[in-house]
Each structure stands twice: as structure tokens, then as C-alpha cells.
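A predicted structure for the sequence below; I have some questions about it.
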Number of protein chains: 4
Amino acid sequence: MGSFHGETIRQRLPDARLAAVADPVPGAAERLGADRAYTDPEQVWADDDVDAVVIAAPARFHADLVVAAARAGKHVFCEKPMALTLADADRAIDACRAAGVVLQVGFNRRFAPDWAAARILLDTGQLGTPRLLRSLTRDPGGFDPARVAPGTIFLETLIHDFDTLRFLNPGAEPVEVFAVADALVEPEWRDRGLLDTAVVTIRFDNGAVGTAEACFEASYGYDVRGEVLGSGGMATMGDGRRTGLTFSYAAGRMIETARGDQELFAGAYTAELAAFVAAIRTGTPPPTTGEDARAALAIALAAAESVRTGRPVGVEGK
Amino acid sequence: MGSFHGETIRQRLPDARLAAVADPVPGAAERLGADRAYTDPEQVWADDDVDAVVIAAPARFHADLVVAAARAGKHVFCEKPMALTLADADRAIDACRAAGVVLQVGFNRRFAPDWAAARILLDTGQLGTPRLLRSLTRDPGGFDPARVAPGTIFLETLIHDFDTLRFLNPGAEPVEVFAVADALVEPEWRDRGLLDTAVVTIRFDNGAVGTAEACFEASYGYDVRGEVLGSGGMATMGDGRRTGLTFSYAAGRMIETARGDQELFAGAYTAELAAFVAAIRTGTPPPTTGEDARAALAIALAAAESVRTGRPVGVEGK
Amino acid sequence: MGSFHGETIRQRLPDARLAAVADPVPGAAERLGADRAYTDPEQVWADDDVDAVVIAAPARFHADLVVAAARAGKHVFCEKPMALTLADADRAIDACRAAGVVLQVGFNRRFAPDWAAARILLDTGQLGTPRLLRSLTRDPGGFDPARVAPGTIFLETLIHDFDTLRFLNPGAEPVEVFAVADALVEPEWRDRGLLDTAVVTIRFDNGAVGTAEACFEASYGYDVRGEVLGSGGMATMGDGRRTGLTFSYAAGRMIETARGDQELFAGAYTAELAAFVAAIRTGTPPPTTGEDARAALAIALAAAESVRTGRPVGVEGK
Amino acid sequence: MGSFHGETIRQRLPDARLAAVADPVPGAAERLGADRAYTDPEQVWADDDVDAVVIAAPARFHADLVVAAARAGKHVFCEKPMALTLADADRAIDACRAAGVVLQVGFNRRFAPDWAAARILLDTGQLGTPRLLRSLTRDPGGFDPARVAPGTIFLETLIHDFDTLRFLNPGAEPVEVFAVADALVEPEWRDRGLLDTAVVTIRFDNGAVGTAEACFEASYGYDVRGEVLGSGGMATMGDGRRTGLTFSYAAGRMIETARGDQELFAGAYTAELAAFVAAIRTGTPPPTTGEDARAALAIALAAAESVRTGRPVGVEGK
């Protein structure tokens, strides 16, 4: 993701400049074509020419990096998950508030056209009050178990869906979570406590019920969808098509499906960074905040505990 | 088509009874389960218990059968094409008028839900004034050249599309026709003057331009579609799906396509016969008339002449 | 439903005859055009000319009617739910087995083309092993609270989805159920213990997780859909379109949606009764059995208990 | 289009630099943020730091500008139509050949994902031999009659469709053209000889028949579609959706449609300029050539003559 964000900044954000990149791997920063290449984030903090940073490291380092960047007076865009504990999330939020810097979190799905349009339908009252919501993420597969921990499916994958469900139920907050999860793609993961398939039911304080669903393998490609049933109607998001072409032949009618995250969400990745730049320049609040990151994390932690206990778990509020 | 209509009457039209079937092939009529089985249409004309007949014979016999039925006082439903010359069409129309019997023609596409709904959009003004129209018919293939004549593609296939274009441009009449046709599916047909692929452009007296298109082979199944662009919007008809199932797998997303006429239009075949029964019982005009058959025939004859001459051809009015 | 089944038998099942109808409302049976009109089911049991019965009464009478019909030697088609307790379900199953009569249950969704085609994809291995399933039912609304009981959403609506999930996960059985439900359409129902919106998560013994979802109001019409994610791909069922027409105008592209159950499933209702007739005539097992009814009921009862207790509930096996 | 291309170069083509812009309107060039702002193209020809030019002027100046640029040794990307007469097209082609510079023409539709994917289906044999083709362009409307000439619909709008039909029938060339055109959107245009609606039938030397269709007003937005029926199957291109969102409500299911050319083809505009840069850097032939421009022009001229004469017109070959 770091490389991807770097290229986005360099090629698609005329109002930003890729001043510096820090990567512990020698040569990695140079390849991105930044003005200055570092191997240690401390060098970035000390670089007075850097106004804002994009943090995309292994998740366990995120919160400390946010705190350090804020103390150095840099505006912060942090990839999800911003933190792995609520205490860390609070530390990150507090540090940015104390430093007076912008803190935005990488919930890029909010910037995808389908999802943004659904939110407009909600904000204009056309969908009415949400009753049932659904958000799902299915990866094309090929996960490296060495990079998967027991909580990965909740903290790194479903965290997007948890944020999406909050985004699509504006003003409501989650009350209780029930999760079922298993290793169905790779049964041998089970002995190591790893999970690759999960369904999470979330009850919100306005009565609406959301379902978040993830699977680490979908033979047909990358599948991200959403659905809101409100009192006024239903919105569905995410058609998963790679192009608008259909090919009809002896077997039927075929539509190409998207194979990768960046194929479906390239525009959303650009839009979220453009929004970050705009928030810094104009002083307006960023569209996804540290509080959003904390709220999605609270759902993820409740889901993981629900799997451990086999029971519904209350969501810890602010 | 005769058998198909017979089964529809027997199984799906509670207000009609299959009193008799006449088929020159011994045993054929019996198999349909009619009350009486004949081998000669004269027997039908003489059967006082028969109120109305459905004519589905080789096209060259249609007009004479309509005239004979009318003279016997039977109401007539005739499969398309009702006649192969305008003079025969006039004879059929005149005979039915003189006898005071209902004459309805088998333009079943008008009764298909998509097409009927498009006409409602027109009649209620939602589509505005038609400007561009399209109607197409593609068969899955396997045509027997022994049953194909040089005019078949115009007189037996595109006749549906000609009627559809008139149906979707209510009140307007065709002025001029230009047709291009060839044997592209079966190049060896070319030497015998047979055609399997055609595109016909029709200019109407309200300025609208219609395109009718046919091909005797579509590898993906039976394909019938329509489109109207009016000043108020566009309607498209015919999605060609067999079911609402989609199957997404490694190759993409697959939708089953319909393979046969009766798969797509079974309901329309029932509806047109139900309308015929209703017209007889209530004395209201039938929804597709001998005049409609004549008007579509005039386009077909002009299209065939256009292919012969390589020029646009005026359409002979009433 | 009784009238609807009666009309189906009379108009669409050439291999069956509507010999008799029993309806306690005077005149109701006559209107259906049966050979004999009764007001008491006992008259049907005593009618030797009746081979088989279709039971469509208030659900609480179903089990007793099945038992009585079986004892009279009639083959039985019973609308869902066949029973409201597992003991009643067992009684009904046992009575039919003892009498040697066919017992089929009205899970018509299995006969709808999309769902039948999905099952073929499963049976031929194309979908692989199911991992995630979804089935939902949303009604257009207008429910009369006088006809709704606390368990209605599980026992009468979601019972279809519970059966569908079993149908789409062949050979697997449910292990545990967690349900969230509320009165979101009609908040005043809450005080009377009525529910109009529910999400049920079902864990199966092969690890697959199914989600069943219902809401008693969808502004856009009648919505029934299904989805199976298997190791080989995904099938989705139910596109909810009334016709294949699209209308594009100033506001965008509009597709008509189906407004009623019978609009979407008329063919399936005919197919299930045709299958019942075929099972009687050929001696082959019916495609939906009393055991299927019992298994779906066990899920419904567990779901209702889960709502009461706020906990996941084990499903009572055979 | 000049501004749009300028922004694309500056923001989306990291391998190119917007060295200079020439615009006769004072201040216009400055606004695009080029290194140097000119008011006369002569200044561009004289600028040794300029390697290549993008020409986007009123169409009647295109050919002369191409010739001048080529003589100055600049590689040339020219918007369509490259010329308004075949003689001018030949002059432009010859000048570029003599100067040894790249000449690419702005047929951007070839670079749109749907169309590029259809061509792959053709090149890999999956579509078989083309039999029937369709390409259409419908604008949302609001044309200024002051900027429309009698040939505009053929030379500036349908020129895209003519190129698309050649692109989708690789190796074949047009033989004969028949066109019907009228002023249906703005009937008062008729007296001034202006046309806003046209249907063009094109017969190719491999027997395939193409239909190109344009209308200057579509109430539902910008509509560009294509279709190829080949012996192996059918490809359809262009679904006209703005996003993947659907909104189902009381009136049915609504899909937002695209309202502008740049909304549908932004990626294609970037891709064609990226291909131009790549052709210059690598010395490989550009994907759309002066010869392609000439061939599409020959069809446009034949179509205009067909409207004048009311007859089919042969297409002038190379």
C-alpha cells in the first residue's frame, strides 16, 4: 500500500508533492521517485519540508507512528487499522488533537462512487431510515498464512465493512456484535487458530441490523459489495465488473469480473488522498477520522471476542 | 406452431375448447387431444361446433385458408405471414370483413411483457415522439435449406420486426425501405439465392428511422430485442436471459441465455390466443388485424425488392 | 393460497382434476369451479373419488389436517409450515408413512428456475463446497397485525429461507442459530411482541454459514434472493425484475420490479404441484418431504428462542 | 478538447511534460499551466524543446496544422476529424511520412476498456468472423446550431462510429454506404440543411453489415454503445452507467446514467495519449493512424452523399 499511495501522490495529485519516502528496505524509497529517500521514519519527522505523512506499515506499528508524526507536527493519513487496541486508538487520537494536526484514516471505500452515491441517498432522505445493511469483502485468494494472525480477518479485512456499515447508518452506533468464523478455505489453518471466513451480525442503537461478511477466497475475483434497506428503498453497491463488455457465446453470456482491489478502487484511493490534501489546505475536518477508526476497531474487537466466547458481545463505546 | 397452439388452447385457455384439429398427416390431429380429429380443413369448415380456427400451415396456403374459413363463418386467427402478396392480403381481409368474423394475426411479440410495457410508455407519452427504433431477431441456427426460400428472411422472420417497428411507432407508417442481405452463415446458400443475414432501414412518415435486423444463426441462443429512442427517453426490450441466475467462477460471471422462441415467448403465445378468444366473446376489435399483416407484408416485399435492385424502395400504402 | 392452488390445478395441470374443494365459507368452494364443493374437510376424506389433497389452511390446523388426510388414504400436499411444533411434525410424518401416502410440503422456491439451476450447479460440482449462503424474503408491506403472531416471521416467512439454505447446502445440517429481530417497520408492534424484521445466522455441520433475512416491508416490491459462495464459485438467484424492459429517461435508467409473490413464483407454484402429481403417479419420492418441513421448523423454533434469550441456540436434530 | 488533453498531459502522463500551449485567446494557454504559453502555433513549431504536438482546433484547420507540425519535425497527435477531404487527409499523411514523424488520430473509443476487450475477443478468434455490427453515439443535447454544419453529424460525431466499425471488423474495408438522416430533435434545423439524427448502413468487403447511428439528443445522458455479432458469438460494449449503484424504490429500480463524454471515456483519453508517448519513445507504430482517419472520412463523405442523393454510395478506397 505504501508504494501504491506514493505513486498516487506522484502521478495523480497535482496539489501534492512526494517530498520524501522512508522505507527500511534499502533502495525501496528511491524507486518511488520521491525527492528524498530515507530508511528511518525519524528522518521524516526531522524533515521540515514535509507537511504531512501517509503511514502504511505493518498494523502493529501504526499507532506509535501516528503519535510520533503528530508530535513532529505532521498531518497524518494512516492506513487502516489505525490501532489494534482501543487504548492505542485513543493515544493516536489524543496526540493528533494535542498537536493540532489533521488525522485521516484509510477507509477508502467511502470514496468509491457507488458508496458515496448511497450516502447521498441517505443524506437526502431518499432511502429513509436504514433497517437492514450488508457489507462484504471477498479476496481472490492466495493468502500467505505467515502474514495472517487470528484477528486478521476482523482487524484488517472486515474493518472496512464495519466502517462501511457505520457510514451507511449515519448517526447510529453499534450496540452488540455476534460473529461466526472458521477456516473453510484452508482447513489446516484451524489448528493454528487462523480464520478465513466470517459472518458478523451487528445490532445498532436505531434498531438496524448489519451483516458483515468476509472470505479469503473467491474464485471469481475480488468482490466488495454493500446493501442498505431503508424505509424509503434499497441501495446496492458494487457490481464487480471489470468492464462493461459482455460476451455471449455457446455457453451463455459472460461478464468479466474484477480481480484486484486496485482495479475496483483505484479512483477511491486517489479521492481519499485528495480529500486529505484538501483538509490540510482548507482547515476543514477530514472525511474519515480517528474516531471512525476507533469505532470500527471496537466492532472488530467485539467480533473476535464473540468468536472466542460463542456469545454476542457488547460494543465498547467511547 | 400448429401443435404448439393446440397445446396452448387445451392447457392454458380455460375459456376455449380444442374442438377439432385438421392435419393431413394421419394420427397427428389425434395426438393433440382434440375432441375431433380431421385430415382435411373442409371438415373443419363443415363442423358447426367450431366457432373459430387457428391457421398454422405453410405460408403459401395461409390466405386461401383464411378466405375459406371466413366463408364458413369461422373467426380466424392466422399465423404470420397471413399472405405472400398484397392482393392475397386484401382478399383475406375482405373475406373476413364480408363474413363479419374476427381476423387476428400471429404477431405474438406485441403480447410479450417487455414490448407491451414499451407500448404503454409510448401511449402515456413517457417516451415522447419516436426518433430511432430497432428490432432484431436472431435464431440459434440449424436451418434446413430445403425449407428456406429467397424471401424467407423477410416474409417469415423479419415480418415480426416490421410489425414490431410499426407497433412501437404508433400512428406512423413506413415510407421507404433499404435492405442489405447476404448468405453469411451458409455461404453456399448464395448460389441458390438464399439469404440468412439482413439489415433493413425503414424511414417512417413522422421522420423516425427504424432498423430491423435478422440472422439465422446466433451461437448464444435465441435473441429477440427491441429499442425505441424517443424525445422523452429510451426503452429497451428483450434481455434474453433464461433465468435470473448468475454463476460467477474463475472465468467471470455467466448468465444462461434462452435457446428457443417458445422459452422466451411462451406467455406471449398464450396471451395472443386469450386476446383472440376475448375479441370473439366481447365483440371488441382484435389487437392485431389483417391490416397490420398487410402493412408488415408491404415492408417485407419492399425489402426484398431493395435487395434485388440495390436501391431504396418506396412502401406501397393501402 | 388455497384459491391459487385450486386455479393452478384447474388451469395448468392437465394430468390432474379439481375434484372437490372444501371451504368453511359458504360459496367459496363453488367459485373455484371444482366438481364438488364442500364446507367440511371430513367430506373430502369421505369422497372416494379424491386421490390427493392440497392443504392450505391457517398454519395451526395443518398438522391435524395432514394426519386426518393420511388416515383417509389421501396423498397430501401441505402448505408451509406443515406444523408449529416438532412433535406435530413428527405426527404428520408418521401418519403419512403409516398410511403409505405421499407427503409433500409447499417449499415452492425450490421449483423456481433460478434456484433449481443453482442446485444443479451444486449437484454437478461446479460450485464446489458451500462456504457462505444467503437467503432473503422481503414483502411489499401492508401486513395486517391481526394476522401476525410473535413467531410469524420465523414460522411463516423465514421458513422458506431456512429450507432454501438447506436446499443450497445439500447433505449438511444446521447446528446452531443466532437471530436478531425487531419491529422496525411498525414500532408500535414492539409492545405486542410482534416482529417485522429479522436476521438469522445459521452454522451448518460442514462449516458453512448461512444468513436468512426478512423484512415485512420493501417499498420497491417483493424481493426474494439467494446467494451461495462455494469453493468453486458463486451463484446468485432472484433478480426481482417484472419484465426485461428498461426505461432510460432524464432521471436515469429504470427497471420495473415485481410487486407480488405470485408474479415472481407463478411457474414455481405450478411446478411443485406438477411434481406432486408425478410423485403420486410414478411412486417416486416427492421432491420436498415432511422431513424437510421438520428440519426447517427446527431452525425456525431455534431462531425464535434465540431472540427470546439473546443467545445462539442449538438446533434440535431428528 | 485542447484544455482537456492539456490537463491529461499535465496530471496523468508522468512520461510527458506540457512544454507549451498555443491558443489564440489571450490567457487561455497560461491557465493550463504549461511551461510556455503561446498565441500562435508558429511559435510551437519554432520551439526546439517541443518534441510532439496535440492538435485540437476547429476541424477545418486540422489538416494544415498537421502538415505544418510535420514539416517542423514534431510528432503529431490530431483530434478527429483529421481532415474534411480525402485530398487533405492524403496531404497530412504524406507530410508526416516524409518528415518521419509519428501521426496518431484521436479515435479514443478504441482505448476504452469495453472496446479494447471486444477487439481481443476478435483477435483471439473467440468472436469468429463478424457478420453484423452496430455502433452508436447519442449526445445529451444542447447543441449550438451556430457550431453545426450540414456534415457535422457524419464528419464529427459518426466518424467515431465509422472508425469503431472498422476496428471491430479487422482486415475488412467498407464497400458501400446508405444513410438516412433528418432534423428530428430540432425540426427548424431542416430549413438550414442541418441534421441531428442519422442511421448509416455500411456493407463491408467480407459481407458483414454495420449500422452506425447518431442522435444529438438523448434525455437520459451520453450513450455510446457497440455490438458485434460474429460466427462465434456476440460482444456488446458500453453500459452507460455512471456508477455501480442501484436504487430500488416505489417506482422500481433506478440506475444512474452517465451524462458526459468525459465521464465515460476519461480513461480512454489518458490511454490514447499514453500510447502516443509510447509510440514516440519506442518507435513502434501508433495504434490509430492517418490511414485510419482517411478510411473513416471516406465513409463519412459517402454517407453525406447518400443523404443528398437518396441512394447507396460506394466508398472511395485508398
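Perfect, thanks for sending it.

so how far is the first residue of stretch A:177-189 from its last?
24 Å (Cα to Cα, to the nearest Å).

Can it be said to contact chain B?
No: using Cβ under 8 Å from any Cβ of the partner chain, stretch A:177-189 stays clear of chain B, coming no nearer than 15.0 Å. All C-beta atoms are positioned from the backbone trio N, CA, C, and that covers glycine.

could you give the mean pLDDT of that stretch?
For stretch A:177-189, the mean pLDDT works out to 96.

And the lengthiest helix in chain A, what does it pack against?
Looking across chain A with DSSP state H, the single longest helix is helix A:261-282. For helix A:261-282, the elements it packs on are helix A:2-12, strand A:52-55, strand A:75-78, strand A:103-105, strand A:223-230, judged by 3 or more Cβ pairs under 8 Å, 6 or more residues apart in numbering or on different chains; DSSP states H and E.

List of residues touching the one helix or strand in chain A whose mean pLDDT sits lowest?
Across the helices and strands of chain A, mean pLDDT, DSSP states H and E gives its lowest value to helix A:28-31, namely a mean of 86. For helix A:28-31, contacts defined as Cβ atoms under 8 Å, 6 or more residues apart in numbering or on different chains pick out A:3, A:20-23, A:37-39.

For the helix or strand that comes right after that helix, which strands pair with it and how are they oriented?
Sequence-wise, the next helix or strand downstream of helix A:28-31 (DSSP states H and E) is strand A:36-38. Taking DSSP bridges as the criterion, strand A:36-38 forms sheet pairs with strand A:20-22 (parallel).

got a list of contacts for the partner strand?
A:2, A:6, A:28-29, A:32, A:34-41, A:43-44, A:47, A:49-50.

For the residue of chain A most remote from its centre, give me phi and psi.
Within chain A, the residue lying farthest from the chain centre (Cα atoms, centre = their mean) is residue A:250, at 40.4 Å. Here is the backbone geometry of residue A:250 (degrees, to the nearest 10): phi -50, psi -30.

Quick one, grab the pLDDT at it.
Looking at residue A:250, its pLDDT stands at 95.

Residue A:110 contacts residue A:160, correct?
No: Residue A:110 is beyond contact range of residue A:160, at 9.6 Å (criterion: Cβ atoms under 8 Å).

returning to what we had before: so for the longest helix of chain A, what gets flagged as buried?
Buried residues in helix A:261-282, counting neighbours by 16 or more other Cβ atoms under 10 Å in any protein chain shown, are found at A:261, A:264-266, A:268-277, A:279-280.

List just the nearest of those to residue A:246.
Distance to residue A:246, by Cβ to Cβ, is smallest for residue A:264 among those, at 18.3 Å.

List the contacts of the closest residue to that closest one other than its chain neighbours.
Excluding the flanking residues, the one nearest residue A:264 by Cβ to Cβ, 6 or more residues apart in numbering or on different chains is residue A:258, at 4.8 Å. Shown in contact with residue A:258 (Cβ under 8 Å, 6+ apart): A:221-222, A:240-242, A:264.

need the residues you listed in CSV with pLDDT, can you?
Shown next, in CSV, are those (pLDDT from 0 to 100):
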residue, pLDDT
A:221, 95
A:222, 96
A:240, 91
A:241, 93
A:242, 91
A:264, 90
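
Farthest pair within the residues you listed?
Across these (Cβ to Cβ), the longest gap, 11.5 Å, separates A:222 and A:241.
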